[in-house]
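Undergrad: sequence first, then the predicted structure:
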Amino acid sequence: MKIKKLRELIEVPKAELVLHTRSSEVTLRNQTCHTLFKTHSEKNSFYSSLSKNSEVLIFDCDLNLSSKESGYDNIVSIYSSAELLQQLTQLYLNPSTPLSLQQLRLVIIENISVFYWTLKLGRDLNYYVQLADLLSKITQKYGCNAIVTSWDNDYERGYNYNRQRSGNEAHGDVQKDPNQHTLQNVSYLPRQYYDRVDLVTHYGGGFVFEPKKEKSERVR
């Protein structure tokens with residue numbers, strides 16, 4: 001006779017979350033989503049639209065959030081890319097957070113951009129694959145959604161680049177790219193990572209990508 005663990009017999013309620021961009025909205029149903037921002041005001045608007053309750057668990061890679069200022073009760077400070085994977089693995093295998101199995105509705109990884117250059121210089125592209133796969137397991141195990149945030153490539157290029165481009169556009173020196181609304185043109189993160197994410201939203205542009213779905217269609 002096969003013996004099941006008690007947790008396997010508990011039916012975990014499914015989480016549904018509506019995310020808003022400036023011009024559209026998407027609904028997450030036990031899915032992973034990566035959200036890109038161009039400005040701090042966009043990120044503030046995004047967080048303002050989310051429900052602030054005890055069902056949200058935030059892993060703060062930017063060390064910029066506090067429970068008092070953000071309104072969220074459960075924030076874990078992350079000091080390295082390795083620690084983030086360790087904390088997520090612990091959550092998946094042996095949760096020790098204040099949230100119970102039935103309470104966890106949303107996991108947020110705040111600002112994965114802080115690790116971008118370290119991982120790029122170390123050529124550790126597999127890190128992003130591990131992150132996406134781990135978050136997918138967590139969403140399925142707990143019946144929750146997961147959001148990873150980062151800056152888009154305009155923000156990463158910096159102020160001088162944007163100022164120069166704006167000046168060129170004002171003088172008509174920049175040709176419009178007909179494919180500018182592609183995932184590759186708004187983010188530097190590797191395609192291998194995005195192929196494992198259910199949805200990608202570009203908050204300021206209002207674009208929504210479905211890379212996992214697109215990948216399955218490419219391999220048919």
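TA: Thanks, I have it.

Undergrad: leaving out the residues flanking it, which one is nearest to the residue most central in space within the chain?
TA: Residue closest to the average C-alpha location in the chain (C-alpha atoms, centre = their mean): residue 148, at 1.4 Å. In space, and not counting its chain neighbours, residue 148 is closest to residue 109: 4.3 Å by C-beta to C-beta, 6 or more residues apart in numbering. C-betas here are computed from N, CA, C, even on glycine.

Undergrad: I figured that neighbour hits residue 134, correct?
TA: No: counting by C-beta atoms under 8 Å, residue 109 does not reach residue 134; the two are 10.3 Å apart.

Undergrad: of those two, which one has the most company?
TA: Shown here are residue 109 and residue 134; by other C-beta atoms under 10 Å, residue 109 has more neighbours (22 against 19).

Undergrad: and the more buried one, that's in a strand?
TA: Yes: under DSSP: H, G, I helix; E, B strand; the rest coil, residue 109 sits within a strand.

Undergrad: quick one: buried residues of whichever helix in the chain runs longest?
TA: For the chain, the helix reaching the highest residue count under DSSP state H is reported as helix 126-142. By neighbour count on 16 or more other C-beta atoms under 10 Å, the buried set for helix 126-142 is 127-128, 131-132, 134-139, 141-142.

Undergrad: now the strands for this structure?
TA: Here the chain has its strands, by DSSP state E, at 16-20, 25-29, 32-37, 56-60, 74-77, 106-110, 145-151, 199-202, 207-209.

Undergrad: helices and strands around the second one, which ones?
TA: I take that to be strand 25-29. If you count contacts as 3 or more C-beta pairs under 8 Å, 6 or more residues apart in numbering; DSSP states H and E, strand 25-29 packs onto strand 16-20, strand 145-151, strand 199-202.

Undergrad: to residue 118, which of those strands lies closest?
TA: Proximity to residue 118, assessed across the helices and strands packed on strand 25-29 by C-beta to C-beta, is greatest for strand 145-151 (13.8 Å).

Undergrad: for this structure, which spans come out with low pLDDT?
TA: Applying pLDDT under 70 to the chain picks out residues 1-14, 52-54, 66-70, 95-102, 155-181, 212-220.

Undergrad: before we move on, the earlier item: distance to residue 189 added to the helices and strands packed on strand 25-29, as CSV?
TA: Listed next are those as CSV, based on distance: least, C-beta to C-beta, whole Å:
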stretch, distance to residue 189
strand 16-20, 18
strand 145-151, 7
strand 199-202, 9
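
Undergrad: and these: which comes nearest residue 63?
TA: Relative to residue 63, the nearest member of the helices and strands packed on strand 25-29 by C-beta to C-beta is strand 145-151, separated by 14.0 Å.

Undergrad: list the helices and strands the closest one packs on?
TA: With 3+ C-beta pairs under 8 Å, 6+ apart as the test, strand 145-151 has strand 25-29, strand 32-37, strand 106-110, helix 126-142 packed against it.

Undergrad: wait, isn't residue 105 in contact with residue 74?
TA: No: contact criterion C-beta under 8 Å: residue 105 and residue 74 do not qualify, at 11.2 Å.

Undergrad: any common contacting residues for these two?
TA: Here residue 105 and residue 74 have residue 56 as joint contacts, going by C-beta atoms under 8 Å, 6 or more residues apart in numbering.
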